[in-house]
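>>> what's the 3D shape of this:
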Amino acid sequence: MGVTKEEFKKEEVILSKVKELLDSTLEELGGDVFQEDDFTEFKKMMWENASSFDEEEQMQVMAATSQEAEKILQKKVYFRRLHQIKNKPYFASIVFKDEHGKIWNIYLSLTYLKDSDYNNILYDWRSPICSLFYDYEIGPCSYTAPGGEYFGELKRKRQYKIEDCKLVGVFDNSLNIDDEVLQDVLSKESSDKMKNVVNTIQQEQNKVIRNLEDHNLIVQGIAGSGKTTVALHRIAFLLYRISNLSSNHILIFSPNPIFTEYISDVLPSLGENNTLQTTFNDYLSFFISEYKGVESYTDFVGRYYSGQAINYDLILYKQSDEIIDDMNQYLNAYIENAEFIESFYEGDIHYVNKDEINHLLHYKYNRLPLFERVDEIAKRLSASFYKGSNKKASTFRRLLKENANFKHDLKKIYYDFYMSPYCKVSLSEREISSFVKRKDIYYEDALLFSYMKGVLDGFVYEGQIKQVVIDEAQDYNKLQYIIISKIFAKADFTILGDVNQNINPYYHYESLEELSTILKNESKYIELLKTYRSSPEIINYTNKILNLHHVNAIRRDNHKPVVFRKNISDLKEQLLSDIKTLKDEYSSVAIITKDDLEAEKIYNLIKDDISISYLTLETKGFSKELLLVPAYLAKGLEFDSVILYNDRNHSYKSNERNLLYVACTRAQHELYIYN
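Here you go, the predicted model:
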């Protein structure tokens, strides 16, 4: 609720003082940062004259310059963060009475600000005491900091609306989920890019963001529960709380490049650099050099929904958990049967005994992948015969390969799996050749092929990555998680998804908690059951699609029911009329079709009459003013209003309910359904 005029004036005075301190701090820091060019020249001069110093003096120069450079960098980062909050210094405050009776007035901001006596005036929202704002109502409370657990009483929670450093609104509230500031944010129209929500983080979200106890978090969150936003705010929190963790130590697996672009503003808006980002297809394309190209996940899914998938049962088997065991048995047998057939000479002098090298192959180097063992044996033989030198390693490698009953032909090895008794489906040589001997490898084969290659050649190891975030977790089968856990063996994981939004027709989780058995360290499973995206009217409709009962809509009723369009006499006229109606009220309208064929049909129908963007996998940037997108590409995006179109003769089947659910839950305020 709003505050009294007297309280409002007090807050105006506080804002004025903060603004004054902020301006003076920026001015002072600006002078220091501006001297960076001078320091660069000084450092250049020191290095140019380094020859005139003895070794001890050179070490002192190196230490001094690196320390000074680090100080300047820290000041530069802090200057950027302060400049970022110049027009909106803080967003909330709490009054906390500790157990000793001391009163703390805490103002929450995107960064900290101290006065000349080094007292905190603004607190970074990620600091331990600020968790009280997100976790407690008025009354008894506690927070955990490096020094232990601190108890007390939360006397007041207050939120602010500040524009251009002028106080527009002040609200006192409890933890109530439908507080005025949250509803104000939810009522706003969507933008082309995701924004930070640091001022409206809810208690259930905060538990995920601030979790430091568990190595791995698995988060099941319904559509609109803020999974991606939570993940990005968690990254910002980890960067703040974990020493020596930088953005280059964190990797986000995004579903596609479109989504990567969509979230690109969130971390910078929180004062942090964007992390490393990739897609699983990027990894496959890098790792699988035996094929010219790798089919993307969206093309793989699109192949099914557009009716181009051939042999459904075979693809179902390739995507299954069962094939992992079958492939492992096949590879174990292949490795066990691998041997060097004959003894041989290198030159006319050096005799290599087959029993000795087979012992090395199966016992000495059995911890290594098979083909790495050959390399190590070659180095060992060279060192043994040539007094520790590796100069003949390549020669021995060639001779070893010539005398082995196994060849480094991964396509042949993959082909032979389907001819082996370990494969559970019966295929002809022609059928196997149709997918093994392609120039571009199918997605379902790429997963298996990359796993097989990793077992035989060794997986790419990324030891510098300390945190891995996987969004849209339901799109990855267990084999992918096995591969990822081997690549990032020392990393902790934050995995977020929704089993209800799984659009892979060949693979489905009952619960994402199943993934806890794959990850190396212990995992905590958390559910987010409140949706902040859609109106209650839209949520009530989408719940019926999947027979859901636990989804809670937080938006207030807008009293706009879902609109159905049936038996349309003139499709073009009706579409243009509905688009105009929605564009007059909202800044973003999406037409979501079932697949690419329908998207092309609608695009060709109306493109000459209205400006519209057509979103495909190749799209980089895009505007949400009026967007046409197939359903399987719309995941993770949200729009003020949605027109869901599918042809009457091409309706959603019973096994495509998840795709329909994804499409409908993209809408925030209004949903029109055609046919």
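>>> Tell me who's in contact with the closest residue to F639 other than its chain neighbours.
Of all residues not flanking F639 in the chain, A590 sits nearest, at 4.1 Å (CB to CB, 6 or more residues apart in numbering). Heads up, the C-betas are built off the backbone N, CA and C, glycines and all. By CB atoms under 8 Å, 6 or more residues apart in numbering, the contact list for A590 reads 624, 626-629, 634, 637, 639, 641-643, 666-667.
>>> where exactly do the strands run in the stretch 51-200 of the chain?
92-98, 103-109, 113-114, 120-124, 139-145, 148-163, 166-172 (DSSP state E, counting those that start in this stretch).
>>> For the residue nearest to F639, name its beta-bridge partners.
Per DSSP bridges, the residues bridged to A590 are L627, V642.
>>> Now stretch 344-364: average pLDDT?
Average pLDDT, stretch 344-364: 93.
>>> buried stuff in it?
Buried positions in stretch 344-364, judged by neighbour count with 16 or more other CB atoms under 10 Å: 344, 346, 352, 357-358, 360-361.
>>> what does stretch 131-140 give?
In stretch 131-140, counting by 16+ other CB under 10 Å, buried: 131-136, 138.
>>> Among the residues you listed, find me the one that's closest to A404.
Nearest to A404 among those: S131, at 60.0 Å, using CB to CB.
>>> Assess the claim that that closest one and N211 are in contact.
No - counting by CB atoms under 8 Å, S131 does not reach N211; the two are 11.3 Å apart.
>>> From R241, how far out is the spatially closest residue to N311 that is not a sequence neighbour?
Residue nearest to N311 in three dimensions, not counting chain neighbours: E431, with 7.8 Å by CB to CB, 6+ apart. Applying CB to CB, to the nearest Å, the value for E431 to R241 is 54 Å.
>>> Now do the helices in the stretch 251-400 of the chain.
Taking DSSP state H, counting those that start in this stretch to define them, one finds helices in the stretch 251-400 of the chain at 257-262, 266-269, 280-287, 297-305, 312-319, 322-336, 354-359, 370-385, 393-402.
>>> among the ones you listed, which is nearest R533?
Checking these against R533 by CB to CB gives helix 257-262 as the closest, at 14.2 Å.
>>> Which elements pack onto the closest one?
Counting contacts by 3 or more CB pairs under 8 Å, 6 or more residues apart in numbering; DSSP states H and E, helix 257-262 packs against no other helix or strand.
>>> Number the residues from 458 up from this point.
Happy to do that; since the first residue is 458 now, the last one works out to helix 714-719.
>>> So for it, what gets flagged as buried?
714-719.
>>> Export those residues as CSV, with columns for pLDDT and distance to E1030.
Compiled in CSV, these are given as follows (pLDDT from 0 to 100; distance: CB to CB, whole Å):
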residue, pLDDT, distance to E1030
P714, 76, 36
I715, 73, 31
F716, 77, 34
T717, 81, 38
E718, 82, 34
Y719, 77, 32
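>>> Among the residues you listed, which one lies nearest to Y1118?
F716 (18.2 Å).
>>> Tell me which residue lies nearest the centroid of the protein.
Central residue of the chain (CA atoms, centre = their mean): I709, 3.7 Å from the mean position.
>>> so what's that residue bridging to?
With DSSP bridges as the rule, I709 is bridged to Q734, V926.
>>> Could you tell me how far it is located from F737?
The spacing between I709 and F737, counted by CB to CB, is 12 Å.
>>> ok, now E1042?
39 Å.
>>> For those two, indicate the residue with more neighbours.
The residue with more neighbours, out of E1042 and F737 and counting by other CB atoms under 10 Å, is F737; that gives 23 against 13.
>>> Pretty sure the more buried one sits against N934.
No - contact between F737 and N934 fails when scored by CB under 8 Å: they sit 10.5 Å apart.
>>> follow-up on the earlier one: looking at the buried residues of helix 714-719, which is nearest Y1131?
I715 (23.8 Å).
>>> which residues does the closest one contact?
Per CB under 8 Å, 6+ apart, neighbours of I715: 1072, 1074, 1076-1077, 1079, 1090, 1094.
>>> Tell me the most packed of those, by neighbour count.
Busiest of those [other CB under 10 Å] is L1090, holding 23 neighbours.
>>> mind listing what it touches?
Taking CB under 8 Å, 6+ apart, one finds 713, 715, 755, 1072-1074 in contact with L1090.
>>> can you check N713 too?
Taking CB under 8 Å, 6+ apart as the test, what N713 contacts is 736, 753-755, 1074, 1090.
>>> Identify the farthest-apart pair in those.
The largest separation in the contacts of N713, counting by CB to CB, is between T736 and L1090 at 13.2 Å.
>>> How far off centre is stretch 564-581?
31 Å (CA atoms, centre = their mean, to the nearest Å).
>>> Let me see the backbone angles for K896.
phi -70, psi -40 (degrees, to the nearest 10).
>>> Ignoring the adjacent residues along the chain, who's closest to it?
Among residues not flanking K896 along the chain, K749 sits closest, at 4.6 Å (CB to CB, 6+ apart).
>>> Pass me the low-pLDDT residue ranges in the chain, would you?
458, 490-525, 631-650, 1007-1015, 1077-1078 (pLDDT under 70).
>>> and with 50 instead?
496, 499, 503, 632-635, 642-644, 646 (pLDDT under 50).
>>> circling back to that earlier point, could I get the contacts of N713 as JSON lines with distance to H557?
Compiled in JSON lines, the contacts of N713 are given as follows (distance: CB to CB, whole Å):
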{"residue": "T736", "distance to H557": "52"}
{"residue": "S753", "distance to H557": "60"}
{"residue": "Y754", "distance to H557": "56"}
{"residue": "T755", "distance to H557": "58"}
{"residue": "L1074", "distance to H557": "60"}
{"residue": "L1090", "distance to H557": "57"}
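>>> of all these, which comes closest to G920?
T736 (21.1 Å).
>>> burial of that closest one, as a residue count?
T736 has 19 nearby residues by other CB under 10 Å.
>>> Alright, that wraps it up for me.
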